[in-house]
Every structure is written in C-alpha cells, then in structure tokens.
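[1] mind folding the following:
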Amino acid sequence: MTRHGHEWVAAGTALALALRLPFDFQPLYIVDEAVFALGARAILEGGLVYRDVWDHRGPVLHYVYALVFALFGVNDTVAVHLVTTGSLAAQTVLLYRLASAYLPRAPAVWAAFLFAFFSTFGSRHPDALGANVEIWTNLFVLAGLSLLALALRSSGRWPYALAGVCLGLAALTKQLAYALYPLPLLALVLGPTWGLTDRRLPPLQTTSRFLLVTLGLLAPLVGVVGYYAWRGALEDFVSLFVGYNLHYIEAFYASGASASPTDVLARAATGLARTARVAFSPHFTLSLYALASVAALACVLGAVRRPLAGVEPVPAPLWFFCAWLGLIALPTLLLGRAFPHYFVLLLPAVSVLAGWVVARALQACEARPLPVLVIAILLAAILLHRVDRQVEDVLVQIRDEASPNGLQQVAQSVASRSRPDERIFVWGFQTELYVLANRPPASRFVFVTFLTGWTPGGLPPADAGRARDRRSRELWLDDLTRHRPRLIVDGHRAHPLLKDYPLTRYPGVWRLVESDYRVVQVIEPYVIYERVAP
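    Below is the predicted model:
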C-alpha cells in the first residue's frame, strides 16, 4: 500500500468519525443512557450507584456521565454523546498504535479505518450511536493493551501494573472485561512465539510481571469496595451488584432447583445460538466478521505449515489478536442477551483481523487494475451495507419522538403535574421518562429487571421465581414509602415482556397505590397516577 493510499484511508478514518457528529445531537438512543444519567445525577447529589440508583453494570460509566454533567449541566446527554465520539477518536488512535506495533503499517491503517467506520455504522442505530457501556469499556481495554505492548518492549515493570489498572477499570465498566485477564499471561509466556517480544523471560520474572498485572487489575475493585465500605453502603454493592449478577447466571443456566448438567448445557447452547445470530443478522454487518474469520483461518493454516497460495506468511502477532477476540467473544456469546451493542466489545480485535485481510488482498492485486477494482467495489459494498438504513432509522426516530403518541407526550404530562424537585416512579422499562421529564426517581429500581426477573433481549430465566429477589421487593417498597413519589407512571403494557407483570401482582406496592393515588390521565399504553394523600 502506497503512502498516497495511507493518506486516503487516514482521511476516510477522520471522515468516518466526523460523520458520527451529526448523530450526537439526539438526546437519548437507548434506555441504558437514561440509567447512567440517573446514576450520575445521584452521584452529583451525594448519592451512590446501587444504593440510590440500581444497575447491574459496574459503576465507572456512571462517574463518567457525572463528570460530563458537572462540566456541561445535569442531563446534558448531547454533551455525553460528543465526549463519547471524542473517546472513539482516542480509541482509533490507540488501536492504530497497537496494531502498528506488531503488524505492517497497511493493516494497522485499515484496522483504524474499519474500527472508526463500524463504530458508527456497524449495527442498528440505537446500539451503535448511544453512549453505551461497551464503547467506554473498549477505551480502557485499548489503553491497557497498549501499555502491555509498551511493557513487553521495555525492561520496566510499572507499565504492567498500569496495564492491569486499565483492565480493572474496563471490568468495572463492563464485567465481561475480566475475561481478558489471561491475555497478559499469554502475551508474557508466548510473546517470543507470537512475535510480541524478542526475549523470553525466566519463569520467576514472568510470574512477577503477571503478579503486577493482577495487582493492578484488582486495585480499582479494592478501591471501589473500600469507598463503599467508607460510605456505609458495602451491603448494597455486594447484594445489588455482585449478588444480582451471580443470581442472573444461576437463574439463566439452571432450569430449576435440581438442574442437571444436561439442563445447564442445553441452556448454554440455546443462549449461544441466540446471541451468535446477532452478528449475522440484518442489523449487523456480517462481512466484517467474515473477513476476520479469514484472518483466523489463515493463522490456523499457517500454524500447520500449509500457507495459502500466493499469500505471504501470516505474521505471528496476529495470534495475539485472535486470542483477544476469543477471550472476549466467548462470554459475550454465552450471556444469552441478544443486544447488538454487546458486540462492540469484539470490534477492536475484529477490525485488526479484517484490516490484515484487506491489506493482504490489495497487496496481492498490486499492478493488476481489474482485481483491485473488484476488491474496491466489494469493500465499498461492505462499508455501505445498511448505512442508508442507519440514517433512515434515525430520521424515523426523530419523527416519532415529535409525534403526540410517543414518550415525549408522557414526559410533558409528568412535567406539567409535578415540580422539578418532586420524585416520580416509572413501572416498566421506560427509564427515559425520568430524563425527558427531568424528575428524580422515587426508587433505586429505575428499571424492573431485578424486580421481575425478566431481561429484555434475553432468554427467560429458567426458574422465574428464583430470579425475583425478595429483598429487592422490600427495598422497592421502602424506597416508595420514604420518598413518596408525586406521580407513578405504569408502563408495563408498553413492553411485551411485562404484560404479565402489572402492579397488582405486588401486594405491598399495590396497597400503597390504592390508598394514596388516583388515576389522572391515560396515554395509551401508559397510566399516570397522582398522589392524593398528604
């Protein structure tokens, strides 16, 4: 690839990131953004995630949102989107530097371009354009692996610890990042074989350096645990964060109190099949994963000394990116939650592998105008796949939000019937209402997964009764009793998973609604209750 070609791809990378900016001016894309916004608001008011706003993910992104809100204003999610685009620009640079440390320049340039492009146009618009947790997890992962690459090339020890800290922050953003914990050990042990370093460390030095990575990885977790203990909220952290995630895994994979290994394997296979279909669905770009698969296949063929005809030997460092992809892909696939934005975690490694295939294909066709033209047309088809639909979906969303039957009408009604300091409670998955109406929540449970046991986008729990935690119900009633919401918005009929979970199913809360509230407005399928008791 010529220098002129590199300049064109670099310009395309900048354009791909610039094309994301117009999308940043939408206030909300996915419900997750509303959850993080509420967590950030609680933090700025002196509260804590889990104790004041419950979430099943780590606390780091709540604090990122809080920092943005502190700088630009509470609930300024447009600012969050713009900062997230800046984060993607930084990630693109980190990915290029990481790839160019081990691969020729052409694959690294293509990897950066594919990453920047598919970060915006890789899947359906809410999952790609929202300031989701996976985008920010990748920032910490790329920073950690870049520090690991620096450590492998130098004699210093502290980069290993700093790499561990970054991976620890990634795991406290999205727990699946803990799956990358073995990657530094693989790099230390197989570094000379994979071409990551030209020196093999003695076993004692390898152990000491991996211990530094481990200590760095645990440092953020120890800091968070210590902070929650100091604030007197350690029980909330353990039961509402750690406990829920363990509870979900148990309820998802076990088909009853006496689940057999066959039942567990059947549930795992079902979840794997369901989630794997996401990457190969019309909402996702199959072609990028196909290119990455070609790179992985080339690695395997090269390992058994059967190189592809007409293609240069596969560079050994490509195994590092294959290992990275494998470690993060397996838990992503086994979650059983079919959300396209989960696959953003795979995008950096996939982009490097796909970038190598594109660069090698172009290299093999140098000085052959017709093959180059064919590859260029195919690549353009891959890149433009569903881009028009992406833009159309966003325009449709803007139109729907302006319509009188959307959430915006409910938010306007809530705002007109309450003061900014009065709390409300939303029963359903419509957490966006809190942000759109600019009203604080009356309960830490701002969405109802913990209370019902149902997860949108995933398989039903094998034993729904076990997935609903009794303590969470008690905390829910206690929250509503203490904070006394001005309004309760019942939106359970707006989501198919919740149609069998009306408020009447929960006697303690329903008694409170019956005694203290009356229906004041119905905006199908939402029912708004107003407090009448003093």
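[2] where does Leu183 land on pLDDT?
    pLDDT recorded at Leu183 is 96.
[3] can you pull the buried residues of the host helix or strand of it?
    Here Leu183 sits within helix 182-194, counting by DSSP states H and E. By neighbour count with 16 or more other C-beta atoms under 10 Å, helix 182-194 contains the buried residues Leu183, Pro184, Leu186, Ala187, Leu188, Val189, Leu190, Gly191, Trp194. The way it works is simple: take the backbone N, C-alpha and C, and place the C-beta from them, glycine included.
[4] now Val489, what's its secondary structure?
    Recorded secondary structure, Val489: strand (DSSP: H, G, I helix; E, B strand; the rest coil).
[5] what's the closest non-adjacent residue to it?
    Val426 (4.7 Å; C-beta to C-beta, 6 or more residues apart in numbering).
[6] cool, Gly164 as well?
    Gly216 (2.4 Å).
[7] isn't Val314 right up against Ala296?
    No. Counting by C-beta atoms under 8 Å, Val314 does not reach Ala296; the two are 9.9 Å apart.
[8] quick one: the strands in this protein?
    Taking DSSP state E as the test, the strands found in the chain are 424-427, 487-490, 517-523, 526-531.
[9] circling back to that earlier point, which residues does the residue nearest to Gly164 contact?
    Tyr160, Ala161, Leu162, Ala163, Gly164, Val165, Cys166, Leu167, Gly168 (C-beta atoms under 8 Å, 6 or more residues apart in numbering).
[10] near the second one, how many other residues are there?
    So the one you mean is Ala161. 20 (other C-beta atoms under 10 Å).
[11] same question, the fifth one
    One way to gauge burial is a neighbour count; for Gly164, by other C-beta under 10 Å, it gives 26.
[12] quick check, it in contact with Phe210.
    No. Counting by C-beta under 8 Å, Gly164 stays clear of Phe210, with 9.2 Å between them.
[13] what is in contact with the two at once?
    Jointly contacting Gly164 and Phe210 under the rule C-beta under 8 Å, 6+ apart are Pro184.
[14] least trustworthy helix or strand in this protein by mean pLDDT?
    Lowest by mean pLDDT, DSSP states H and E among the helices and strands of the chain is helix 464-467, with a mean of 44.
[15] wait, the residue nearest to Val489 touches Leu433, no?
    Yes. Under the criterion of C-beta under 8 Å, Val426 makes contact with Leu433 at 5.0 Å.
[16] shared neighbours, these two?
    Joint contacts of Val426 and Leu433 (C-beta under 8 Å, 6+ apart) are Val489, Gly491.
[17] who has more neighbours, the two?
    Legend: neighbour count by other C-beta under 10 Å for Val426 and Leu433, higher for Val426 (29 against 24).
[18] list the contacts for Val165?
    Gly144, Gly216, Leu217, Ala219, Pro220.
[19] of those, which is the most crowded?
    For the contacts of Val165, neighbours tallied by other C-beta under 10 Å; top is Gly144, 28 neighbours.
[20] and the residue nearest to that one when sequence neighbours are not counted, what does it touch?
    Spatial nearest neighbour of Gly144, chain neighbours left out: Cys166 (3.2 Å); criterion: C-beta to C-beta, 6+ apart. For Cys166, the contacting residues are Phe140, Val141, Ala143, Gly144, Leu147, Gly216, by C-beta under 8 Å, 6+ apart.
[21] at 6 Å instead, please
    Phe140, Ala143, Gly144 (C-beta atoms under 6 Å, 6 or more residues apart in numbering).
[22] repeat for Gly195
    Contact analysis of Gly195 by C-beta under 6 Å, 6+ apart lists Ala316, Pro317.
[23] for the contacts of Val165, which one is nearest Asp76?
    Set against Asp76, the nearest of these by C-beta to C-beta is Pro220 (26.4 Å).
[24] got a pLDDT number for His56?
    pLDDT at His56 comes out at 89.
[25] again with Leu383
    63.
[26] again with Gly457
    According to the prediction, Gly457 has pLDDT 62.
[27] and Gly130, by the same measure?
    pLDDT, Gly130: 89.
[28] coming back round to it: next, show the common contact partners of Val314 and Ala296.
    Taking C-beta under 6 Å, 6+ apart as the contact rule, Val314 and Ala296 touch no residue in common.
[29] give the contact list for Pro348.
    With C-beta under 6 Å, 6+ apart, Pro348 has these contacts: Leu95, Asn138.
[30] against Leu98, how distant is it?
    Using C-beta to C-beta, to the nearest Å, Pro348 is found at 8 Å from Leu98.
[31] do Gln409 as well
    Counting by C-beta to C-beta, the gap from Gln409 to Leu98 is 47 Å.
[32] which one's more surrounded, the two?
    Legend: neighbour count by other C-beta under 10 Å for Gln409 and Leu98, higher for Leu98 (25 against 14).
[33] the longest helix seen in the chain vs helix 182-194, what angle?
    Counting by DSSP state H, the longest helix found in the chain is helix 203-230. Put simply, helix 203-230 runs at 160 degrees to helix 182-194, going by axes from the mean of the first three to the mean of the last three C-alpha atoms, to 10 degrees.
[34] nearest residue to the residue nearest the centre of the chain in space, please, no chain neighbours.
    The centroid of the chain falls nearest to Glu134 when counting by C-alpha atoms, centre = their mean (2.5 Å). Spatial nearest neighbour of Glu134, excluding adjacent residues (C-beta to C-beta, 6+ apart): Val344 at 3.7 Å.
[35] the one you found and Val133 touch, don't they?
    No. Assessed by C-beta atoms under 6 Å, Val344 is found out of contact with Val133, at 9.0 Å.
[36] so between the two, which is more surrounded?
    Per other C-beta under 10 Å, whichever of Val344 and Val133 has more neighbours is Val133, with 27 against 24.
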